[in-house]
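Participant: Okay, sequence plus prediction incoming.
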Amino acid sequence: MMILATLKQNFLQSLTSSRFSLSELIIAIGLSLIASVAIYIVYRLFYGSEHIGAGVDRTFIIAGPAITALFLGIQSSIPLSLGLLGALSFVRFRTPVKDPAEIGYLLLLIATSIGAATHTYLITIVLFIMVFLALCIQWIIRRKFAFPSQANFIISVNKSVFSDIEPALTQLLQNRLSGLTMKTMSVHDNRVSIHYQHKKVTDIDKADLIVELNKLAGPADIEFFAG
């Protein structure tokens, strides 16, 4: 009974000794959640509908409030803030970020979450408005000047055969896809994944290209996505 009483007393003391009131915590985490939802919408509007990314947007709604709560917690303890790097060292992205543009959205999410935690709401609102306007201007410029649209082509093949077929694979794609550029290449679970972009045209015989890719890979397992 004495142990339970001691635990109860320590719990109540931890509640009363917090630097933040309950209303302040609700406001900070609530605003962070609203900002996370807004960033998710912006991501889907300006990026997700035209590009193939690593799906980082699926973490936005959870990650935003979690980052805010994390920074609210470490503000009350210097040792906690010094140990932040070590505490987060176990976090790993199993799916690599495929496009550097996604890093910008992650940074925006982190910045707004920290802004909510430090109560710098004006900076957070100004940042979000400026980023949204910049993305709108970028979208208008792309439509007005009619830049050639880009299509994506992703290939995944076993690592053991990739080095053997890489020259022929590159040559085949360069011959069949106009303006081909390799955006990213990653290795995961003994498979090599390559993300290409090329000029979007309507006269590509995708069925014939698939046949040639399968013939090139031979018995090896090859996967691809064209969009």
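Facilitator: Arrived safely. Numbering: from 1, shown residues only.
Participant: going forward, measure contacts between C-alpha atoms and count neighbours the same way
Facilitator: Will do.
Participant: what does stretch 117-127 contact?
Facilitator: Under the contact criterion Cα atoms under 8 Å, 6 or more residues apart in numbering, stretch 117-127 has outside partners 28-29, 68-69, 71-72, 111-112, 115-116.
Participant: which residues touch Asp221?
Facilitator: So Asp221 contacts 157-158 (Cα under 8 Å, 6+ apart).
Participant: buried residues in the helix or strand hosting Ala168?
Facilitator: Using DSSP states H and E, the element containing Ala168 is helix 159-176. Of the residues in helix 159-176, 159, 161-162, 169, 173 count as buried by neighbour count, 16 or more other Cα atoms under 10 Å.
Participant: Would you agree Ala220 falls within a strand?
Facilitator: No: assigned with DSSP: H, G, I helix; E, B strand; the rest coil, Ala220 falls outside any strand and is coil.
Participant: give me phi/psi at it?
Facilitator: Dihedral angles of Ala220 (phi, psi; degrees, to the nearest 10) stand at phi -70, psi 150.
Participant: I'd guessed it sits against Ser160; true?
Facilitator: No: applying Cα atoms under 8 Å, one finds Ala220 not in contact with Ser160, separated by 9.0 Å.
Participant: And the strands in the protein, which stretches?
Facilitator: With DSSP state E, the ranges of strands along the chain come out as 150-158, 181-188, 191-199, 222-226.
Participant: care to break the protein down by domain?
Facilitator: For the chain, the structural domains run 20-145, 150-226, going by automatic domain parsing.
Participant: need those in JSON lines with mean pLDDT, can you?
Facilitator: Listed next are the domains of the chain as JSON lines, based on pLDDT from 0 to 100:
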{"stretch": "domain 20-145", "mean pLDDT": "80"}
{"stretch": "domain 150-226", "mean pLDDT": "78"}
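Participant: pretty sure His198 is touching Asn175, no?
Facilitator: No: in this structure His198 lies outside contact range of Asn175 using Cα under 8 Å: 11.5 Å.
Participant: and Gly179, what does it touch?
Facilitator: 197-199.
Participant: Can you flag the buried ones in the residues you listed?
Facilitator: Buried by 16+ other Cα under 10 Å: 197-198, out of the contacts of Gly179.
Participant: Looking at the contacts of Gly179, which is nearest Leu106?
Facilitator: Using Cα to Cα, Gln197 comes nearest to Leu106 of these, at 22.4 Å.
Participant: residues contacting that closest one?
Facilitator: Taking Cα under 8 Å, 6+ apart as the test, what Gln197 contacts is 150-153, 179-183.
Participant: now with 7 Å?
Facilitator: Residues in contact with Gln197 (Cα atoms under 7 Å, 6 or more residues apart in numbering) are 150-153, 180-183.
Participant: Report the central residue of this protein.
Facilitator: Geometric centre of the chain, nearest residue: Val56, 3.1 Å, by Cα atoms, centre = their mean.
Participant: what about the helices in the chain?
Facilitator: Counting by DSSP state H, the chain has helices at residues 2-16, 22-43, 60-74, 78-82, 84-87, 100-117, 121-145, 159-176, 206-217.
Participant: average pLDDT for the first one?
Facilitator: Right, the one you point to is helix 2-16. The average pLDDT within helix 2-16 is 53.
Participant: Count the residues that sit near the closest residue to Ser193 other than its chain neighbours.
Facilitator: Spatial nearest neighbour of Ser193, chain neighbours left out: Ser156 (4.3 Å); criterion: Cα to Cα, 6 or more residues apart in numbering. For Ser156, the count of nearby residues is 20 (other Cα atoms under 10 Å).
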